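**Q** pasting the sequence and the predicted coordinates here, then a few questions.
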Amino acid sequence: MIATVNIFPLWAILLSTIAFFFPTLFIDYKAAIIPLLMFIMLTMGLTLTTKDFARVFKNKKAVWIAVVLQFTVMPLLAFTLASLMHFDTDLLIGMVLVGTVAGGTASNVMCYLAKGDVALSISMTAISTLLGVLLTPLLTSQLIGQVVDIPILAMLSSLLKIVLLPVVAGVLFNHFFARPLAIIKPQLPLFSMSAIVIIIAIIVALNHDKLQSVGLIVLLGVVLHNTLGLLLGYFVPKYLGQDEQVCRTIAFEVAMQNSGLAVALAMKFFTPTAAIAGTLFSIWHNISGSILAGIWSNTDLYNKSDKHS
C-alpha cells in the first residue's frame, strides 16, 4: 500500500502528460468518471469497519477540531484564493468544490508514514466523508450561490448515490464477508489509485486547450490551498493542546481533499474547466503529502510531543 501511494504522483503525471499530448485517447471515456469514483468510494468502504466510526468517541476533541477545520478553513481558503487570483467563474467553482469536499483516503497512508495516529485518521476520514454528503452542497451554495446557481438538492442526491451508498455497501460487505475480502484488501489501494489516475487523465484530455492558458495559475492556487491547509491543520491543533502525533494526523486529514469527488461534481453539474482544480489537486496533494510524510518519518515523534491530549 505504501509503495502504491509513493508512486501515485509519478503515474498521475505520466498519464496526464500522455493525455495532454494525445487527448483523443481519453476524451471518449468522459462517462466513466462517476462510475470510477463510485468504485473508489466502494473500495474505501471495504477498508472500514463499524469500529472506525465508534472510535470517534475516544478522542472527540481531536475529531471535532479536524471536522471544523475541514469544513471551514479549506472552503474559505479556496474561495479567498480564487477571488484574490481573479479566477473566472468556472475556475472559482472548481476551487470551491475542492475546498468543500471531505478528506481523501490518501491522508490515512501519509499519516502512517509520518508516525501519526492511523486509527484516528481513518475515523476522521470516515466521519468527514459522511458529513460531506450534506455539507459539500450547502457550503458550495453559501460561498458561490450568488455567482452561479448551485443545484443543492441534485448535488445532495448525487452525493448520496456516489458517496454514501458505495461506502455503506463497502462497510457492510467488510462486516459480513471479512474473511474472503482479506485476500483482496492489500490490493484495494492499487485499484483505487488506478481509478484516480484514469479520472485525472480524462479531465486533462477534456481540458487540453484550457490547461495551456490557465494551468499554471490554477496550479499555484492549488499549491497555496494545500500548503495553507497543512500549516493550519498542524498549528491550530497544536495551539489547542493536541500532542504531536494528533497534530500530524489532523494536518493530513484537513489538507488532503477528496479531489476526485470534486472532479466528478464539477463534471456532472458544471463544466470540464471547473474540474481542473480538482485534477491538479489530486496530483499535488500526494506530492506534498509524500514530502512532508518523509520529513516527519525521520523526526522523533516523542521528543516533539508536548504530551497533551
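**A** Sure, I can see it. Numbers count the residues shown, from 1 in each chain.
**Q** Ile283 is in contact with Ala12, isn't it?
**A** Yes - using C-beta atoms under 8 Å, Ile283 is in contact with Ala12, at 4.6 Å. All C-beta atoms are positioned from the backbone trio N, CA, C, and that covers glycine.
**Q** quick check: neighbours shared by those two?
**A** Ile200 (C-beta atoms under 8 Å, 6 or more residues apart in numbering).
**Q** which regions of the stretch 1-150 of the chain lie under the pLDDT threshold?
**A** Applying pLDDT under 70 to the stretch 1-150 of the chain flags residues 1-8, 56.
**Q** now do the helices in it.
**A** In the stretch 1-150 of the chain, the helices defined using DSSP state H, counting those that start in this stretch lie at 2-21, 33-46, 50-54, 60-84, 89-100, 106-113, 118-144.
**Q** out of those helices, nearest to Val263?
**A** Across these, Val263 has its closest neighbour in helix 33-46 (6.8 Å, C-beta to C-beta).
**Q** next, the angle helix 118-144 makes with the closest one.
**A** 150 degrees (axes from the mean of the first three to the mean of the last three C-alpha atoms, to 10 degrees).
**Q** buried residues in helix 33-46?
**A** Under the neighbour-count criterion of 16 or more other C-beta atoms under 10 Å, helix 33-46 has 33-34, 36-46 buried.
**Q** what is that helix packed up against?
**A** helix 118-144, helix 165-176, helix 188-206, helix 259-269 (3 or more C-beta pairs under 8 Å, 6 or more residues apart in numbering; DSSP states H and E).
**Q** can you tell me, leaving aside adjacent residues, what's nearest to Pro156?
**A** You called it Pro, but residue 156 is Leu. Using C-beta to C-beta, 6 or more residues apart in numbering and skipping residues adjacent in sequence, the residue nearest Leu156 is Pro137, 5.1 Å away.
**Q** was I right to think the one you found contacts Leu160?
**A** No - using C-beta under 8 Å as the test, Pro137 is too far from Leu160 to be in contact (10.6 Å).
**Q** show me which of these two is the more surrounded one.
**A** Between Pro137 and Leu160, counting by other C-beta atoms under 10 Å, Pro137 is the more crowded of the two (24 against 13).
**Q** quick check: that one vs Val163, distance?
**A** Separation of Pro137 from Val163 (C-beta to C-beta, to the nearest Å): 11 Å.
**Q** circling back to that earlier point, now render the helices of the stretch 1-150 of the chain as CSV, adding distance to Met267.
**A** What follows is these, written out as CSV (distance: least, C-beta to C-beta, whole Å):
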stretch, distance to Met267
helix 2-21, 15
helix 33-46, 5
helix 50-54, 29
helix 60-84, 18
helix 89-100, 10
helix 106-113, 21
helix 118-144, 15
